[in-house]
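**Q** need coordinates for the below:
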Amino acid sequence: MQQLPRKATTRTHNDQGMVANFTDVRPAAPKVEPAALGGIDVLAAVRKRPVLAAATLVFTLLAGVPYLLRRAPQEFHAEAAIYVSPTYFKNLQQDREQLQISYTTLVNQQILTLRRFDILREALRRLEQQGIRWRTPGESEESAVARLTNQLDVQHIADSYEVLVGLDGPRRDWVAPIVNTVANTYLEKGKEGDQAEISDRLMALTTEQANLASELQRKLDQQSELSKELMTVSLDKATPVDDTLLAGARQAREDARHRRMEAEAQLSIMEAAKGNKSPLTVFAEEVVSNDASLHALTTNLLARRSELEAHTSGLTPQHPLRQATEKEIAEIDDQLNRLRQGVMDDTTARMRIKLNSDVDRSRLIESEFDNEVQQGASKVLSRARQVQQVQGLNGEIDRLRRDQSAVSTRIDELRIGNTDSGYLRMFSAAQTPIQPNKSNSKKVLGALLGLALFLAIALPVVMDLIDQRIMSPSEVKRTIGFPPVGIVLEQARGTLAFADEHFRRLVNGIQRGMAAQEAKCIVLTPLNHARNPGSLVTDLGQALLARGLKTVIVDANPRRGEERDSTSLSDVLNGEPLADARVPARIEMGSAQELSRIPVVARLGSLLENLKREYDVVLVDTPPLRVSADTEFLASISDITLVVVETGKATRRELIQGTALLGQIGTPSVGVIMSGVRLRHAGKALKRDFKKFSSLSWTPVTDTTQV
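**A** Below is the predicted model of the structure:
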C-alpha cells in the first residue's frame, strides 16, 4: 500500500505521520487537464479491452488479406541481357585514347548510353507503333522519357560480359516488349554510330598510311648516304674498332673503382664503432689473445701476483709486509694493463696503415684507368656519333615498317570484317513474366499487418478516451496518482468470502489512516450518485464498532420517507442524549433548508468537535460533493474525506474534478473507496488474488466458484 506524507495544515494533526493512500491536498489544488482525463495509457487501454483488440486484429487481417491480394496493384518484372564483348579493344587497338580505358569503364559507358534521351525517345515512339502507350494522357514527352529512365534497372553482372536491362510494371504483357524495344533501339543506335566511326577511321588510316610511306622513303635515302660515308654495305655492322678498346678500358676502370670502394668500405667498417668497440679494436684484441709470447708473459705475471696475494693472507692492513706486497701487486696489475694495451695499440696502428695503403693504391689505379678511358673516348667521339646516327636510323626504319604493316592490317580488318559492331549484341531477349513479384505481395501483407496492429491498439485507446468509466483499482491510480484505500466487491455467488476479505482490508486501511493522522471525523461522499451505494457507511460503522471503536454516524443525506432509529440534528443541538446501543449511533441532519440555517451551521463545527471527544470515530454520510455546498463545508472541517467511486458508473473526468475541488476547499486528507467492483472487470491482479484465495484450505467450499 502506497505511503504518502501529509503536508502542513492549520488544524491539530500529527504532521510527521505517514498515511496509507491518503494525501493532503489543501495547500495547492491539483491542476486538471480536461484533454488528458487521466492520460493516455496504451498498455492499460489494451489490457482493459483485450477482446476488442484481438477481434480488431483478426477481423482486419481476415477482411484485408483477400481484398489486398485481389485489389492491390501487382508488379511484373522482365529483363533482357546485352553482351558487351572485349573485342572492342581489339578493333580499336591503334586508337591510343581508347586503349587507355578499362573494360569496367566501357561497360559503365554503355549503361549510360542506354539511358540516353534520344534512344529512349525513339524506343517510346516504336512502342506506340506496337500499341503500347507508355506515355499517359496529358504527359509530356520529356516527362515520359524521364519516368522510363527512372524505372529502368540497368546493371552489369559481375565477372561476366553481360549487362541486364530490367523493368517493373503493372501490365504483364507490356513489360517484356518495352524492355526488348529499348534494348534493340540501343543496339541499332550503337551500330549506326559505329558505321560512321568506321568510315572516319578508314579515311584517317588511309591518310596515315600515305604519311608513313613518305617518311619511310626519306629514312631510306638517309641510310643510303650514311652507308657511303662509313664505306660499308651493311650499316648494322658499322661498329668502330676503337669501341672495343674503349669498352675494355671502361671495364678495367669499373673494376678498379669496385676495388677502391671495397677498400674504403673495409676501412670504414673497421673504424666504425658498434657499441663501445670498433671492429678494428676487436681484431686487435683477437691478435693479442692469440699472441703466444704475450700469453706466457701474462701467465708468469699472474702466477707471481697469486703468490703475493697468498703472502698477504692473515696479515693486518697496517703490517709493513702486507703494504709492500700490495704495492708490488699494484705494479704487476699496471704492467699487465700497459703490456696488453701496448700490443693492442701497435696492432691497431699497423692494421690501419695497411688499410689506408690499400685505399690509396686502389684510388691511384682507378685514376690511371680513368685517364685511359678519357683518352680513348676522345678518339672515338666523332665516329661514335656516326654510329649512333646509324643505329637510330635503323630503329626508325624498323618502327616505320611495323607501323605501316599495322595500318595496312587494320585497314584490311575494317574493310573485310566491317566490324559490324560485334562487341554489342543481344544475348537473351526479355520473356513475358508468368507471375508477379513475390516481394510486392510481401510488402502488401506487411503493410496490412502493420495496419491491423495499429487498429488493434488505436481502437481500444479511442474507446478508452471515449469511455471514461472507472472499472478497476489501477485506473484510480492512473487517474489521480495514488491507489484507492480499499475496494468493496460486488456481492455475488462464489465471491462472498473474497468480498468480505477485501472489506476488512478497507477497514484496516481506514484505521491505519486514522491512527497515523490522529483523525476521528471522516466524511464519505459519493462521486456521482445521490447516495453512497448500499449500506456502505452503516457497514463501516458496524465494523469499526465491532473492533472496539465507539462510532457515530452523522447522516447528512437522509432518504426521503425512510424511517431509521436515529436522533435528529435539532435534538442533538438542544442537548438530547444519544441512545446507547450495540449499533453505531446515528444522527440525522434533516433537509438542506434545515441544515443551511445560520444558527445550525454555526453550531455544526462545535457539534463535530463534541462528537469527536465523545466518540472514537465520526462517520459523516454526505451528498455528492459537486451538487452540495454542505458537503464542501463538512469536508473542509473534517479530518479525512473519502470519495466513494462506484465501479462502471463514475468516470475519470469526474474523479479528477472531484479531487481538484477537494483541494480547492482545503480538505486535509483525501482517499478513494471503490464500490461495486466486479471481479471480471477488476483486472488480472485481482483475479490472480482471487484464484490464490480460492485455493486456500480454509476457504468455504460453497464459496469457491470460479468467476
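**Q** quick one: contacts of the helix or strand residue 523 falls within?
**A** Per DSSP states H and E: residue 523 is located in strand 521-526. By CB atoms under 8 Å, 6 or more residues apart in numbering, the residues outside strand 521-526 that reach it are 510, 514, 532-533, 536-537, 540, 608, 611-612, 617-625, 631, 634-635, 637-644, 646, 673. (C-beta placed from N, C-alpha, C; glycine too.)
**Q** in strands, which of the residues you listed appear?
**A** 617-621, 640-644, 646, 673 (DSSP state E).
**Q** show me the strands in this protein, by range?
**A** 3-5, 18-20, 76-84, 153-156, 162-169, 424-428, 486-489, 521-526, 551-555, 567-568, 585-588, 617-621, 640-646, 669-677.
**Q** export the ones you listed to a markdown table and tack on mean pLDDT and distance to residue 468?
**A** Shown next, in a markdown table, are the strands of the chain (pLDDT from 0 to 100; distance: least, CB to CB, whole Å):
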| stretch | mean pLDDT | distance to residue 468 |
| --- | --- | --- |
| strand 3-5 | 33 | 24 |
| strand 18-20 | 45 | 27 |
| strand 76-84 | 88 | 52 |
| strand 153-156 | 90 | 55 |
| strand 162-169 | 89 | 50 |
| strand 424-428 | 83 | 67 |
| strand 486-489 | 86 | 19 |
| strand 521-526 | 91 | 17 |
| strand 551-555 | 85 | 30 |
| strand 567-568 | 54 | 39 |
| strand 585-588 | 74 | 34 |
| strand 617-621 | 90 | 26 |
| strand 640-646 | 91 | 12 |
| strand 669-677 | 88 | 15 |
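**Q** so can I have a markdown table of those strands showing mean neighbour count and distance to residue 691?
**A** Converted to a markdown table, the strands of the chain look like this (neighbours: other CB atoms under 10 Å; distance: least, CB to CB, whole Å):
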| stretch | mean neighbour count | distance to residue 691 |
| --- | --- | --- |
| strand 3-5 | 14 | 28 |
| strand 18-20 | 20 | 26 |
| strand 76-84 | 21 | 57 |
| strand 153-156 | 16 | 61 |
| strand 162-169 | 20 | 57 |
| strand 424-428 | 15 | 69 |
| strand 486-489 | 24 | 15 |
| strand 521-526 | 24 | 31 |
| strand 551-555 | 24 | 35 |
| strand 567-568 | 16 | 46 |
| strand 585-588 | 22 | 39 |
| strand 617-621 | 26 | 34 |
| strand 640-646 | 27 | 25 |
| strand 669-677 | 25 | 16 |
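**Q** mind putting those into CSV with distance to residue 654?
**A** Formatted as CSV, these follow (distance: least, CB to CB, whole Å):
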stretch, distance to residue 654
strand 3-5, 22
strand 18-20, 24
strand 76-84, 60
strand 153-156, 62
strand 162-169, 58
strand 424-428, 75
strand 486-489, 18
strand 521-526, 10
strand 551-555, 23
strand 567-568, 32
strand 585-588, 27
strand 617-621, 19
strand 640-646, 8
strand 669-677, 12
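**Q** among these, which is nearest residue 345?
**A** Checking those against residue 345 by CB to CB gives strand 153-156 as the closest, at 79.6 Å.
**Q** and stretch 320-340, which residues are buried?
**A** Within stretch 320-340, the residues scored as buried using 16 or more other CB atoms under 10 Å are 322, 325, 329, 332, 340.
**Q** hang on, the earlier thing: with respect to residue 67, which of the strands of the chain lies nearest?
**A** For residue 67, the closest of the strands of the chain is strand 76-84, at 20.7 Å, according to CB to CB.
**Q** which helices and strands does the longest helix anywhere in the chain pack with?
**A** Among the segments of the chain that qualify as a helix by DSSP state H, the longest is helix 320-416. Helices and strands touching helix 320-416, by 3 or more CB pairs under 8 Å, 6 or more residues apart in numbering; DSSP states H and E, are helix 172-230, helix 242-271, helix 279-290, helix 292-311.
**Q** between the ones in strands among the contacts of strand 521-526, which is closest to residue 392?
**A** For the ones in strands among the contacts of strand 521-526, the closest approach to residue 392 (CB to CB) belongs to residue 643, at 115.9 Å.
**Q** residues touching the closest one, list them.
**A** Applying CB under 8 Å, 6+ apart, the residues near residue 643 are 525-527, 625, 655, 658-659, 662, 670-673.
**Q** now the closest residue to it other than its chain neighbours: how far from residue 506?
**A** Leaving aside its sequence neighbours, residue 643 sits nearest to residue 672 (CB to CB, 6 or more residues apart in numbering; 5.2 Å). Distance, residue 672 to residue 506, by CB to CB, to the nearest Å: 11 Å.
**Q** need the overlap of contacts for the two.
**A** Residues touching both residue 672 and residue 506 by CB under 8 Å, 6+ apart: residue 485.
**Q** just the angle between the longest helix of the chain and helix 292-311, please?
**A** Counting by axes from the mean of the first three to the mean of the last three CA atoms, to 10 degrees, helix 320-416 lies at 140 degrees to helix 292-311.
**Q** so for helix 320-416, mean pLDDT?
**A** Taken as a whole, helix 320-416 has a mean pLDDT of 77.
**Q** and what of stretch 253-261?
**A** 80.
**Q** what's the answer for stretch 53-65, then?
**A** Rounded mean pLDDT across stretch 53-65 is 84.
**Q** what comes up buried for it?
**A** 53, 56-57, 60-61, 64.
**Q** and for residue 614, the neighbour number?
**A** By other CB atoms under 10 Å, the residues close to residue 614 number 12.
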